[in-house]
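**Student:** Here is the input, now give the coordinates:
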Amino acid sequence: MNEAKEFAGAGSLIPAEMSYRDQLNRFKAQTARAGIDRVHGLRHHYAQARYAELTGWKAPAAGGPTARQLSPHQKRIDREARLTISREPGHEREQITAVYLAR
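**Tutor:** Have a look, this model is predicted:
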């Protein structure tokens, strides 16, 4: 992941002459040719495994406690873990983790 950040710098991994949709279609075609399907699921797996590593418990999407079941101390740990996980793939919003981890 650091290699991708170094390559892109402050810019995007999507070439300037391509739209997001064009790049996504190109990516899907290339991964399909390589026999790889549903790669976005890898982000879910990574986020859930990383969440367990950072918090010590499973993510709600993986059968762990929901936000309502966490103590105030656990909620602070949850928030920090979600911020870390959102930054690692290049997101700046903690809300994106709700897609991968649930609440």
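
**Student:** Pass me the low-pLDDT residue ranges in this protein, would you?
**Tutor:** Scanning the chain for pLDDT under 70 picks out 1-2, 4-5, 7-8, 10.

**Student:** 80 - rerun?
**Tutor:** Applying pLDDT under 80 to the chain picks out residues 1-13, 36-41, 89-97, 99.

**Student:** ok, which stretches of it are helices?
**Tutor:** Assigned by DSSP state H, the chain shows helices spanning 2-8, 20-33, 40-55, 72-87, 97-101.

**Student:** Going by neighbour count, list what's buried in the second one.
**Tutor:** For helix 20-33, the buried set under the neighbour-count rule, 16 or more other C-beta atoms under 10 Å, is empty. Glycine gets a C-beta too; all of them are placed from N, C-alpha and C.

**Student:** who's in contact with it?
**Tutor:** With C-beta atoms under 8 Å, 6 or more residues apart in numbering as the contact definition, helix 20-33 has outside contacts at 13-15, 18, 37, 39.

**Student:** Next: the third one.
**Tutor:** Outside of helix 40-55, the residues that reach it under the criterion C-beta under 8 Å, 6+ apart are 58-59, 61-62, 64, 74, 77-78, 80-82, 84-85, 88-89, 97, 100-101.

**Student:** at 6 Å what do you get?
**Tutor:** Outside helix 40-55, the residues within contact range by C-beta atoms under 6 Å, 6 or more residues apart in numbering are 58-59, 62, 77, 81, 85, 100-101.

**Student:** Kind regards, and thank you for your time.
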